[in-house]
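J.: For reference, the sequence and a predicted model appear below.
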Amino acid sequence: MKILVVGGGGREHAIASALSRNSETEIYSVMARKNPGIARIAKKICLTKETDLARIVAFAGETGVTHAFIGPEAPLEAGVVDRLSAAGVACVGPTKAAARIETDKAFCRDLMTHHHISGNPAYRVFHDTAEAIAFVQDHNGDLAIKPIGLTGGKGVRIMGEQVDLAGAIDYIQQIKGEVVLEERLKGEEFTLQAFVDGFHIVPMPLVQDHKRAFEGDTGPNTGGMGSYTMPDNMLPFVSRKDYTAALSIMASVIAAMAKDGYPYKGVMYGQFMNTSEGPKVIEFNARFGDPEAMNVLTLLSSDLCDAVIGITEGSLSASKVTFEHAATVCKYLVPEGYPAAPKVGRPLNLGETGDAILYYANVEERDGRLFTLTSRTLAFVGKAGTLATAERIAEQAASAVQGSVHHRRDIGTQALLDRRIAHMKELR
Ligand code: AMP
Ligand code: GLY
């Protein structure tokens with residue numbers, strides 16, 4: 001298979017790396033900046049904006065790729081799948097219309113409402129600043145404020161946590177009233193990702209990400225500071241019943257999209273809040289999560305290329321997709337000051353990596369040396385039979401890096417896990 005991977009972050013390094021385990025696969029890459037990890041795996045790379053569709057289609061033509069795997073949401077929103085498909089390239093990733101499940105928060109909520117799918121919080125969609133502000137003033141309290149469009153995972157403001165009433169009004173003005181206001185959900189978050197071929201859905205191990213920049217879940221929201229999976233591919237604060245409910249919500253969304261005329265092909269990412277009443281949908285994304293892709297692709301024991309064929313040909317089968325039963329812990333190193341004021345261009349030195357797997361993200365390699373850029377820099381994944389060992393492997397590698405970067409030492413620790421479990425018990 002000759003396959004184009006679009007995107008240049010840690011997620012796409014994990015995708016390229018998993019595809020490369022099949023020695024007959026040739027990997028080509030389009031990315032905005034040269035990711036050193038992907039560059040080493042790829043036969044040829046094209047450095048361009050990931051939304052530069054003309055250039056991407058031309059590169060696909062020059063290289064003769066038969067397939068493409070789209071990592072990030074921005075090219076999906078721009079319609080890269082529509083364009084590549086028209087050029088005869090089979091894509092893992094939804095069309096522009098189907099990607100609205102992520103790119104248009106109102107579309108997602110309304111689709112679930114129209115098809116009577118459970119899991120929506122109470123919500124209202126606004127296209128007018130004054131109306132949205134009036135609503136917030138009437139309901140001063142527990143609301144999540146979400147811009148309708150894409151925000152790189154950093155657009156949500158939770159009232160009572162990140163903003164007060166004045167801050168909420170300010171923010172709604174800033175985003176010009178194009179907003180979904182929804183009930184603030186309380187519980188524990190988890191990520192359920194699945195391969196989808198339009199109709200069939202094959203779930204992956206559950207993952208928990210950590211959005212906040214600092215230890216103890218403090219500080220601003222980020223793209224995700226790290227994530228873990230457990231040896232049974234479940235999470236201790238998600239019961240079988242919760243899991244079945246979440247998967248059934250996702251399956252209903254896939255069925256609804258097919259029925260409405262935009263079948264979903266690609267990786268679907270469900271972010272759920274496990275509440276006292278079971279799982280509710282925080283959002284769906286039209287792609288792998290970053291960092292979550294690094295956990296599940298490290299565990300994937302079947303050939304990712306087979307899944308690519310299954311997704312693109314509509315022949316996906318759970319019996320052909322297998323995951324190891326092991327714990328994984330992924331820790332991202334980010335520049336000091338990230339996300340508000342990252343220190344750019346600072347040198348980094350890798351230390352003893354041990355058994356950890358290194359995934360490169362937003363980092364520059366110059367004359368064999370690494371330098372920080374504005375976003376998440378490098379990730380280390382530990383994989384082992386127990387969470388404790390996986391955590392130690394990732395932590396040792398992360399803390400051995402020298403430079404103006406930091407990471408969350410608490411991700412994947414038993415202490416943090418115990419807090420999650422206790423929190424869930426308290427709610428139920
Ligand atoms: P998103 O950009 O939709 O992933 O949201 C970022 C973060 O905001 C999520 O990971 C949650 O922690 C939080 N969030 C989003 N929607 C809600 C909600 N309705 N209730 C509580 N927290 C939410
Ligand atoms: N880790 C969250 C995301 O990829 O959207």
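T.: Looks like it came in fine. Ligands and ions are numbered 1, 2, ... in the order given.
J.: which residues does the residue positioned nearest the centre of the chain contact?
T.: Nearest residue to the geometric centre of the chain (C-alpha atoms, centre = their mean): Gly289, 1.5 Å. Contact partners of Gly289, counting by C-beta atoms under 8 Å, 6 or more residues apart in numbering, are 11, 191, 193, 207, 209, 224, 227, 269, 271. (Glycine included, C-beta is placed from N, CA and C.)
J.: burial of the fifth one, as a residue count?
T.: To tie it back to what came earlier, the one meant is Asp209. With neighbours defined by other C-beta atoms under 10 Å, the count for Asp209 comes to 23.
J.: For it, list the residues it contacts.
T.: With C-beta under 8 Å, 6+ apart, Asp209 has these contacts: 189, 191, 224, 226-227, 289, 291-292.
J.: Remind me which helix or strand the residue of the stretch 251-400 of the chain found nearest ligand 2 belongs to.
T.: The nearest approach of the stretch 251-400 of the chain to ligand 2 comes at Gly289, 3.6 Å away (C-beta to the nearest ligand atom). Remark: Gly289 resides in no helix or strand, with elements defined by DSSP states H and E.
J.: Same check on Ser118?
T.: Ser118 belongs to no helix or strand, assigned by DSSP H and E.
J.: For the closest residue to it other than its chain neighbours, give me phi and psi.
T.: Spatially, and ignoring its direct neighbours in sequence, Ser118 is nearest to Ile249 (6.4 Å; C-beta to C-beta, 6 or more residues apart in numbering). Backbone torsions for Ile249, taken as degrees, to the nearest 10, come to phi -60, psi -50.
J.: Would you enumerate the residues in contact with Ile249?
T.: Contacts of Ile249 (C-beta under 8 Å, 6+ apart): 117-119, 270, 272, 279, 281.
J.: so what's it scoring on pLDDT?
T.: We have a pLDDT of 98 for Ile249.
J.: circling back to that earlier point, Ile145: which of the contacts of Gly289 is nearest?
T.: Gln271 (16.4 Å; C-beta to C-beta).
J.: just checking, that closest one touches Glu283?
T.: Yes. Counting by C-beta atoms under 8 Å, Glu283 is a contact partner of Gln271 at 5.0 Å.
J.: So the two - more neighbours on which side?
T.: Gln271 (19 against 16).
J.: Give the burial count for Gly10, as a bare number.
T.: Neighbours around Gly10, by other C-beta under 10 Å: 31.
J.: ok, it - contacts?
T.: Contacts of Gly10 (C-beta under 8 Å, 6+ apart): 290-291, 293-294, 332, 359-361, 376, 378-379.
J.: farthest-separated two in those?
T.: Ala293 and Leu378 (14.9 Å).
J.: Which of the contacts of Gly289 fall in helices?
T.: Arg11 (DSSP state H).
J.: List, one by one, the residues from the stretch 201-350 of the chain near ligand 2.
T.: Residues of the stretch 201-350 of the chain lying near ligand 2 by C-beta under 6 Å from any ligand atom: 209, 224, 285, 289-290, 292.
J.: Make a markdown table from these and add pLDDT to it.
T.: Compiled in a markdown table, those are given as follows (pLDDT from 0 to 100):
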| residue | pLDDT |
| --- | --- |
| Asp209 | 98 |
| Gly224 | 96 |
| Asn285 | 97 |
| Gly289 | 98 |
| Asp290 | 98 |
| Glu292 | 98 |
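J.: so which strand or helix has Ile309?
T.: helix 304-313.
J.: still on that earlier bit, of the contacts of Gly289, buried ones?
T.: When the contacts of Gly289 are checked for burial by 16 or more other C-beta atoms under 10 Å, the buried set is 11, 191, 193, 207, 209, 224, 227, 269, 271.
J.: List just the nearest of the contacts of Gly289 to ligand 1.
T.: Each of the contacts of Gly289 was checked against ligand 1 using C-beta to the nearest ligand atom; the closest is Gln271, at 5.3 Å.
J.: List the buried residues of stretch 121-136.
T.: 121, 123-126, 129, 132-133, 136.
J.: How far does that stretch sit from its chain's centre?
T.: For stretch 121-136, the separation from the chain centroid amounts to 27 Å (computed by C-alpha atoms, centre = their mean, to the nearest Å).
J.: Likewise for stretch 167-181?
T.: Worked out by C-alpha atoms, centre = their mean, stretch 167-181 lies 24 Å from the chain centre.
J.: do the same with stretch 113-121
T.: 22 Å.
J.: Also stretch 255-264?
T.: Distance, centroid of stretch 255-264 to centroid of chain: 22 Å (C-alpha atoms, centre = their mean).
J.: what about it, how long is it end to end?
T.: 9 Å (C-alpha to C-alpha, to the nearest Å).
J.: So what touches that stretch?
T.: Under C-beta under 8 Å, 6+ apart, the answer for stretch 255-264 is 94-95, 97-98, 101, 111-112, 114-115, 117, 196, 198-199, 253-254, 286.
J.: ChimeraX command to pick out the buried ones of the residues you listed?
T.: Of those, the buried ones can be selected in ChimeraX as follows, counting by 16+ other C-beta under 10 Å:
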select :94,95,97,98,101,111,112,117,196,198,253,254,286
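J.: tell me which strands and helices the helix holding Ile309 is in contact with?
T.: Judged by 3 or more C-beta pairs under 8 Å, 6 or more residues apart in numbering; DSSP states H and E, helix 304-313 is in contact with helix 10-19, strand 67-70, strand 90-92, strand 188-197, strand 265-275.
J.: Now the phi/psi pair for Ala166, please.
T.: phi -60, psi -40.
J.: Tell me who's in contact with Phe284.
T.: 101-102, 108, 250, 253, 268-271.
J.: A strand includes Leu247, no?
T.: No. Judged by DSSP: H, G, I helix; E, B strand; the rest coil, Leu247 forms no part of a strand; its state is helix.
J.: ok, the closest residue to it other than its chain neighbours - how many residues close by?
T.: Sequence neighbours aside, Pro203 is the residue nearest to Leu247 in space, at 5.8 Å (criterion: C-beta to C-beta, 6+ apart). Using other C-beta under 10 Å, Pro203 is surrounded by 22 other residues.
J.: For this protein, just list every one of the helices.
T.: Under DSSP H, the chain gives helices at 10-19, 36-41, 53-63, 73-78, 80-86, 100-103, 105-114, 129-138, 165-174, 240-259, 292-299, 304-313, 387-399, 414-427.
J.: Cool, thanks, talk later.
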